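Undergrad: Need the 3D shape of this:
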Amino acid sequence: MKILTILGARPQFIKASALSREFKKYPEIIEIIIHTGQHFDKNMSEVFFTEMNIPIPKYNLNINGLSHGAMTGQMIQEIEKIILLEKPDFILVYGDTNSTLAGALAAAKLNIKIIHVEAGLRSFNMNMPEEINRILTDRLSYLLFCPTESAVNNLNIEGFNNFKCKVFISGDVMKDNALYFSKIAEKKSTILSRLNLNSKNYLLCTIHRAENTDKLENLKQITKALNKLSNDFEIILPLHPRTKNIIESNKLKINFHTIEPVGYLDMLQLIKYSNIVLTDSGGLQKEAYFFNTFCITMRDETEWTELIENGCNILTGANSEKIISSVQDCSKKTFPNSSGLYGNGNSAEYICNKILLEK
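TA: Below is the predicted model of the structure:
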């Protein structure tokens, strides 16, 4: 069985490591990886293949820095060539990036069955490129692996029981990795000592979503909040290259600590020992939860609605007052006693077994 895996962005490299580890147990599975190049900074991609022992991509398309349409179109064109050359049994895609949709479209046009890991998520905001990518990829996919019950419910509401596909609740491969790599991070990561950080005495922040970086007022609101919070908390912000360029080009004032993007092991340590995580990322919301850390999500909605419902995550949008008050509230509270929202850490094994049944 030949599986062609499409990767392009940081969260996908992380998710892929769990399934790649599982695939290696089965000699009948051949996995070939395409790296679209969507995240091209060395610290944003190459380091993940190295420290997470993901198989080196056979193909690197080096497609980045373009508009959504141009990027997706070029990816489809190049992925199609590789599909025709490799003749895979399945195309495997993760999440909701342009790389995800490009892989799914290229496969669908050539009648190759699509496996979508992290299917069924919905923010219900069609202004988000990621929401469009999710909906279209799900509709094209044959095997849909949902991380949560709410994701399965979303697909049921959309009528997927009428489509020629198979929907599973698999749990989340991100939890597999958090459990697996946190033990390694404790031994190998030196990020806390390098930055002279003590446990639970700092806020960890990331900003990269287009809704916050492309709307200057949103970015101003977020940096305003962080500047004010820096009077009471130490703030660590691994700065996405694109966000860094926008901040610098608009001469936004920064009074807090920014660092270069870090590898997965370092990021796990930063999440695990932070007081609170502030982010617009999807993945970090869950990773904070895995380590019993409150998350402030600087968006108007989230795909991970169960985190909101269980009091682990607070939505503030890009509103400086809400961000500040939410941080102050969370710093006084104990993390809620909730568990099992994303499976028990064996999602990759479950997914692999379901794929093998398709032989």
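Undergrad: okay, now residue 279: neighbour count?
TA: Burial measure for residue 279: 23 neighbouring residues, criterion other C-beta atoms under 10 Å. In short, each C-beta sits where N, CA and C put it, glycine included.
Undergrad: Surely it and residue 206 touch.
TA: Yes. The pair residue 279 and residue 206 passes the contact test of C-beta atoms under 8 Å, sitting 4.7 Å apart.
Undergrad: got any ranges where the stretch 51-200 of the chain has weak pLDDT?
TA: Within the stretch 51-200 of the chain, not a single segment meets pLDDT under 70.
Undergrad: And the strands in it?
TA: With strands called from DSSP state E, counting those that start in this stretch, the stretch 51-200 of the chain shows them at 59-60, 90-94, 113-117, 143-146, 166-169.
Undergrad: what's the answer for the stretch 201-350 of the chain, then?
TA: Using DSSP E, counting those that start in this stretch, strands in the stretch 201-350 of the chain cover 202-206, 234-238, 257-259, 276-279, 294-297, 313-315.
Undergrad: circling back: do you know which of the strands of the stretch 51-200 of the chain lies nearest residue 72?
TA: strand 90-94 (12.8 Å; C-beta to C-beta).
Undergrad: Could you name the helices and strands sitting against the closest one?
TA: In terms of contacts (3 or more C-beta pairs under 8 Å, 6 or more residues apart in numbering; DSSP states H and E), strand 90-94 is packed against strand 2-7, helix 10-23, helix 98-109, strand 113-117.
Undergrad: how about those in a markdown table, adding distance to residue 148 and mean neighbour count?
TA: What follows is the helices and strands packed on strand 90-94, written out as a markdown table (distance: least, C-beta to C-beta, whole Å; neighbours: other C-beta atoms under 10 Å):
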| stretch | distance to residue 148 | mean neighbour count |
| --- | --- | --- |
| strand 2-7 | 22 | 24 |
| helix 10-23 | 15 | 24 |
| helix 98-109 | 18 | 25 |
| strand 113-117 | 13 | 24 |
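Undergrad: now these as a markdown table including distance to residue 347?
TA: What follows is those, written out as a markdown table (distance: least, C-beta to C-beta, whole Å):
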| stretch | distance to residue 347 |
| --- | --- |
| strand 2-7 | 16 |
| helix 10-23 | 7 |
| helix 98-109 | 18 |
| strand 113-117 | 9 |
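Undergrad: So residue 199 sits against residue 273, correct?
TA: Yes. Using C-beta under 8 Å, residue 199 is in contact with residue 273, at 4.5 Å.
Undergrad: more neighbours, the two?
TA: Using other C-beta under 10 Å, the more surrounded residue of residue 199 and residue 273 is residue 273, with 18 against 10.
Undergrad: which residues touch that one?
TA: By C-beta atoms under 8 Å, 6 or more residues apart in numbering, residue 273 lies in contact with 192, 197, 199, 200.
Undergrad: Do a quick rundown of the helices in the stretch 51-200 of the chain.
TA: Along the stretch 51-200 of the chain, counting by DSSP state H, counting those that start in this stretch, helices occupy 68-86, 98-109, 129-140, 149-157, 173-188, 191-194.
Undergrad: Need the ones you listed in a markdown table (columns: distance to residue 298).
TA: Output for the helices of the stretch 51-200 of the chain, formatted as a markdown table (distance: least, C-beta to C-beta, whole Å):
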| stretch | distance to residue 298 |
| --- | --- |
| helix 68-86 | 22 |
| helix 98-109 | 22 |
| helix 129-140 | 15 |
| helix 149-157 | 22 |
| helix 173-188 | 20 |
| helix 191-194 | 23 |
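Undergrad: okay, those, which one's buried deepest?
TA: helix 98-109 (a mean of 25; mean count of other C-beta atoms under 10 Å).
Undergrad: which residues are contacting that helix?
TA: 6-9, 12, 34, 36, 38, 68, 71-72, 75-76, 79-80, 83, 91, 93-94, 113-114, 116, 129, 132-133, 136-137, 140-141.
Undergrad: Relative to residue 115, how far out is residue 64?
TA: 24 Å (C-beta to C-beta, to the nearest Å).
Undergrad: right, and residue 13 touches residue 54 too?
TA: Yes. Residue 13 lies in contact with residue 54 (C-beta under 8 Å); the separation is 6.2 Å.
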